[in-house]
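# What follows is a predicted protein model with its sequence.
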Amino acid sequence: MNIERKLIVTGLLFVILSIVLGAFAAHGLSKVVENEDQINSFDTGVRYLFISGIGFLVMAALREKFDFLLKTEYFLIFWGTIIFSGSIFILVIAPHFEWSISKMLGPITPIGGLAMILGWVILLLKYIRTTLEN
């Protein structure tokens, strides 16, 4: 699958998933989670999933403006989003189902956020470098 198709498919999947999880957060999460901070954390995970989805779609739309492959950026933003948002979702939901994995995920969330930031920064720097060269 070429990078443009990968960006579009991933972007659409992230947007769809964020809408589904956002609806769950609005209508069903309070049946599982009573803590307002946890609900807000879940919403943060949904928001970043949505932002990354839109970001991938924008990257696909602007693909012709990038004079480089986008592999590294895609990898960092994709996995950063999965780790960041996914770990938040699990941290909020897991304790209510007695899943012990949630204790290991706390330190992982910022790593996902850092990967997302790094992916966007690399994209910016590569774009600036290529436009200065032309």
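That came in fine, so what should we check first?
# Spatially central residue in this structure, please.
Residue closest to the average C-alpha location in the chain (CA atoms, centre = their mean): T81, at 2.5 Å.
# out of everything not next to it in sequence, what's closest to that one?
S52 (4.1 Å; CB to CB, 6 or more residues apart in numbering). C-beta coordinates here come from the backbone N, C-alpha and C atoms, glycine included.
# which residues sit in contact with that neighbour?
Residues in contact with S52 (CB atoms under 8 Å, 6 or more residues apart in numbering) are G11, F14, I77, F78, G80, T81, S85, M116.
# Would you mind giving the secondary structure of it?
Using DSSP: H, G, I helix; E, B strand; the rest coil, the three-state assignment for S52 comes out as helix.
# Could you do L69 as well?
The local conformation at L69, judged by three-state DSSP, is coil.
# you'd agree it is up against K6?
No - with contact defined as CB atoms under 8 Å, L69 and K6 do not form a contacting pair (11.2 Å).
# so where do the helices sit in this protein?
In the chain, the segments counted as helices under DSSP state H are 3-27, 29-32, 36-61, 71-93, 102-105, 108-133.
# what would the ones you listed look like in TSV with mean pLDDT?
TSV is the format used below for the helices of the chain (pLDDT from 0 to 100):
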stretch	mean pLDDT
helix 3-27	96
helix 29-32	86
helix 36-61	96
helix 71-93	95
helix 102-105	65
helix 108-133	94
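# So which of those is the most surrounded?
helix 71-93 (a mean of 20; mean count of other CB atoms under 10 Å).
# now for that helix, which elements pack on it?
helix 3-27, helix 36-61, helix 102-105, helix 108-133 (3 or more CB pairs under 8 Å, 6 or more residues apart in numbering; DSSP states H and E).
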